[in-house]
Each structure stands twice: as C-alpha cells, then as structure tokens.
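>>> Have a look at this prediction, sequence included:
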Amino acid sequence: MFAFEYEDWKMICSQISLQKRGRKRMYLQWYPFTCLSAKEKETLISEAFFKDYIKSGLFLYYSENWLITNNYIMKGEGNFRNASLVSPTMYLVALTIGKSISKKYQPLRQSSINVFYAGNYDEDRLYYKKDYDVFFKTLNDLSQSYRYFIKTDVKDFFPNIDMNKLFDIINLRFAETGVKIAQKDLMVYKELLLCLGQGEFPLIESCAASSFLATVVYLETPDSKLFSFITDKVPYITEFSMVRYVDDLYILFNSDLPENKITPMVNRIINEYSSELKKLNLSLYGGKTSWRPTTDISEELKKSLYDEQFNGKECNITDFVDGDLLLKFLESIKESLLDYSLDAAKYLELINDVFNIPKTEYTPHEIYNSLVYE
C-alpha cells in the first residue's frame, strides 16, 4: 500500500534508538521509545515487521495508532505553539514520509542560500541541536564580512501552511525533475499528514519531517525569488548572503549607501519578500522584522549550546558549572516564588545573573540551555 523503502524505515528507527535516553525522556513524543525492550527494538527495526505491518498499511487498522491529542510547545518568548502528539507508530511513519520525499526532492534554491531546519535528512539526523548549532556558527562567521543584517519572521508560520499548495509544489518539482511517483502515493502521504495535524499542517514535536517540508519545500520559491530580486534590482547592495533557519530568514549585506539612507532600500526588500509570501498565504511579523548592524546580531539569536569541538578539543559546558551555581539558581527561584515576583521577565533576569560566567565566551542563555537540555 505504501511506497516506503525498508532502508528508510530502518534508518528512522535506528536513529531514534541511538538518541540518548535522557534526551528521549525530555520529549513527550520520544518518551515511549524509552520503554521498549531490546527485543521490541529488534522487532521494530526488522524487515519482516516493516513489510507485514507498515508497508502493507496494516498499522492503519489499529485504533491505538490513531490516538492524536493536542500538545503545546513553548516558544522562546514564553508563548505556546499548538502541536499534535501522535502515537509512536504514526510518528515513525511521518518521519519516513519526510525521508521518502527528501530523497526525491531536488531543491531549486540558489546554492549560496544557507538553509537549516530541525534535523537533516541528507545526513540521517532527526534532532535539531546539531543543525541549529551549524546555523548559529554560519551566521556568526558571515557576520564578520558584512556591516548590516535584516532579520525577518513569518507570522503564525505553521498554522498557515497550505497542505494543498505544499503538495502541489512537491508534485510540480517531481514532474520537472523527472521523478516518477504515483499520484496515489502523494495523495496518501498528504491525507495521512493532514490526519496527524488534525486537518492542518502537522506540527509534531521533534519531527524532522514537519521541519523539512515547511522549510526546504514550502519556503523555497520565496527564497529564490528574493535572492534574484536583490541580485538584479537592488543596486546599492554590493554583496549579500541569505541564511534561513525554518521561518527565520537573515539577510546579511554591505551597501555603498550612507547608513541614514538604508531604510528605504531595506523596505523594498521586505516588501518584495512579503509579496512572495502572500502567494503562499503567509505574512511577515512586522514587530520581529528589522535591520541592524551585524554587531547586534548576537542579540537576535537564542543558541542552545551543547558539547562541541572547541579549540580542537571536546568542550563540555558542565566543566564551567558546579553544584553551588545550580543551588544558587534554585534558591533564587525559590525566593522569587515566595514573594510572588517570579514571571517570565524575572526568570530571564535570574538566568542572566546566575549563569554569567566571565571566563567563558558563552552567554548565560547558552550555558543554561545546555544544562537543561543535556
């Protein structure tokens, strides 16, 4: 019934199994995989299970696989984003759909546009930390070569993704590049994803498929058109680069205009981008779209730091943090709770105060996020 390939299913199951137990316990969507025995993991990844239960579509007949509920993902500013919590089987199927499409989809974006999403199907990576880290480093490296940057943000991005338009884009690209795929298969993929998203684009926690389809596929045409527009029709920009992480687009540029005359030129770029987004039923978030000197770019980024190669050796953020620091943080929270002063702003203030370690180049938020998520 499904045009899945066993090698894709095997990769998905293997990568989930390889995730650290602590990381899997951190996410509701991943938690069930911590409960599997070694024998159950072996069965799940087996070719026999794949052929008999997944590829045949037999999993669709089990009511427990159709349990879908609302899940809420907290944004950086403290608001919540609506998402779906799906059964473990449906989650693996969604990831496999994303992998199947990514193998056949040939992007049209100009090669100089850097695009990152929460995962990387090309490298069989299903979690966000590595790719956000590379995005962050790419942006910082490029900022050394440019004087200014434009930061854009799409308003209510995921809820406004049109699934019909998304699969029209996929279908057209497959036709243009000679990819042979049955229309029935695309229709099944679309309808199943719509079910998982409860009638909308499926935003599923820790799901590389959602992030890939939204970023690499849905936003490709606006990126390509904007790149061509800046290249051909904005004469005062001498050089520029574009870096995208999901719906956040950064345009770094140099200009021979004096700084007090840059705003009209930037407005032209933003208006053009906005026009392209409207064709996809999307709009820019005006309050989060602006231009600034690249010296301020770190203020726009919220980086989650993890163990990484630093100065040629493995660097663990916990080397800089001892138990006393953590106790100080918890005591600060306790005091704020007792006098009813704890809110989002106070919480950020405590993070900046407690985790400000001068001997490192890391920001308090980087240190805090590393401790929380690892």
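Looks like it arrived, so ask away.
>>> For stretch 220-229, which outside residues touch it?
By CB atoms under 8 Å, 6 or more residues apart in numbering, the residues outside stretch 220-229 that reach it are 107-110, 112-113, 115, 169, 242, 244, 249, 251, 269, 272-273, 276-277, 279-280. Placement of C-beta: from N, CA and C, glycine included.
>>> what do you get for stretch 239-254?
Residues from elsewhere that reach stretch 239-254, judged by CB under 8 Å, 6+ apart: 112-118, 132, 135, 138-139, 142-143, 145-154, 157, 211, 214-215, 219, 223, 226-227, 230, 237-238, 269, 273, 294, 297, 300.
>>> May I see the buried residues of that stretch?
Of the residues in stretch 239-254, those buried under the neighbour-count criterion (16 or more other CB atoms under 10 Å) are 240-253.
>>> Show me the helices in the stretch 51-200 of the chain, by range?
Listed from the start of the chain, the stretch 51-200 of the chain has helices (DSSP state H, counting those that start in this stretch) covering 88-104, 129-143, 163-176, 183-196.
>>> Which stretch among these is buried most, on average?
By mean neighbour count, with neighbours taken as mean count of other CB atoms under 10 Å, helix 88-104 ranks first of the helices of the stretch 51-200 of the chain at a mean of 22.
>>> sorry, back to before: reformat the buried residues of stretch 239-254 into JSON lines and put secondary structure, distance to residue 340 and pLDDT next to each item.
As requested, these are arranged in JSON lines below (DSSP: H, G, I helix; E, B strand; the rest coil; distance: CB to CB, whole Å; pLDDT from 0 to 100):
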{"residue": "240", "secondary structure": "strand", "distance to residue 340": "49", "pLDDT": "97"}
{"residue": "241", "secondary structure": "strand", "distance to residue 340": "47", "pLDDT": "97"}
{"residue": "242", "secondary structure": "strand", "distance to residue 340": "46", "pLDDT": "97"}
{"residue": "243", "secondary structure": "strand", "distance to residue 340": "42", "pLDDT": "97"}
{"residue": "244", "secondary structure": "strand", "distance to residue 340": "41", "pLDDT": "96"}
{"residue": "245", "secondary structure": "strand", "distance to residue 340": "37", "pLDDT": "94"}
{"residue": "246", "secondary structure": "coil", "distance to residue 340": "36", "pLDDT": "94"}
{"residue": "247", "secondary structure": "coil", "distance to residue 340": "36", "pLDDT": "93"}
{"residue": "248", "secondary structure": "strand", "distance to residue 340": "35", "pLDDT": "92"}
{"residue": "249", "secondary structure": "strand", "distance to residue 340": "40", "pLDDT": "96"}
{"residue": "250", "secondary structure": "strand", "distance to residue 340": "39", "pLDDT": "96"}
{"residue": "251", "secondary structure": "strand", "distance to residue 340": "43", "pLDDT": "97"}
{"residue": "252", "secondary structure": "strand", "distance to residue 340": "44", "pLDDT": "97"}
{"residue": "253", "secondary structure": "strand", "distance to residue 340": "47", "pLDDT": "97"}
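>>> quick revisit: what subset of the contacts of stretch 239-254 is buried?
Neighbour counting by 16+ other CB under 10 Å classes 113-118, 132, 135, 138-139, 142-143, 146, 148-154, 157, 211, 214-215, 219, 223, 226-227, 230, 237, 269, 273, 294, 297 among those as buried.
>>> what about stretch 258-276, average pLDDT?
For stretch 258-276, the mean pLDDT works out to 94.
>>> So for it, what gets flagged as buried?
Counting neighbours by 16+ other CB under 10 Å, one finds that the buried residues in stretch 258-276 are 262, 265, 266, 269, 270, 272, 273, 274, 276.
>>> Over to stretch 288-295?
Counting neighbours by 16+ other CB under 10 Å, one finds that the buried residues in stretch 288-295 are 289, 290, 291, 294.
>>> ok so, going back, including mean pLDDT, could the helices of the stretch 51-200 of the chain go into a markdown table?
Conversion of the helices of the stretch 51-200 of the chain to a markdown table gives the following (pLDDT from 0 to 100):
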| stretch | mean pLDDT |
| --- | --- |
| helix 88-104 | 96 |
| helix 129-143 | 87 |
| helix 163-176 | 96 |
| helix 183-196 | 94 |
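>>> Dump these into TSV; add distance to residue 39 as well.
Compiled in TSV, those are given as follows (distance: least, CB to CB, whole Å):
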stretch	distance to residue 39
helix 88-104	16
helix 129-143	30
helix 163-176	38
helix 183-196	28
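>>> Residue 338: which of these is closest?
Between residue 338 and these, the tightest spacing by CB to CB is seen for helix 129-143, at 34.7 Å.
>>> so residue 283 makes contact with residue 155?
Yes: shown here, residue 283 and residue 155 form a contact pair, counting by CB atoms under 8 Å, at 5.1 Å.
>>> Can you give me every residue that contacts residue 285?
Taking CB under 8 Å, 6+ apart as the definition, contacts of residue 285 comprise 153, 154, 155.
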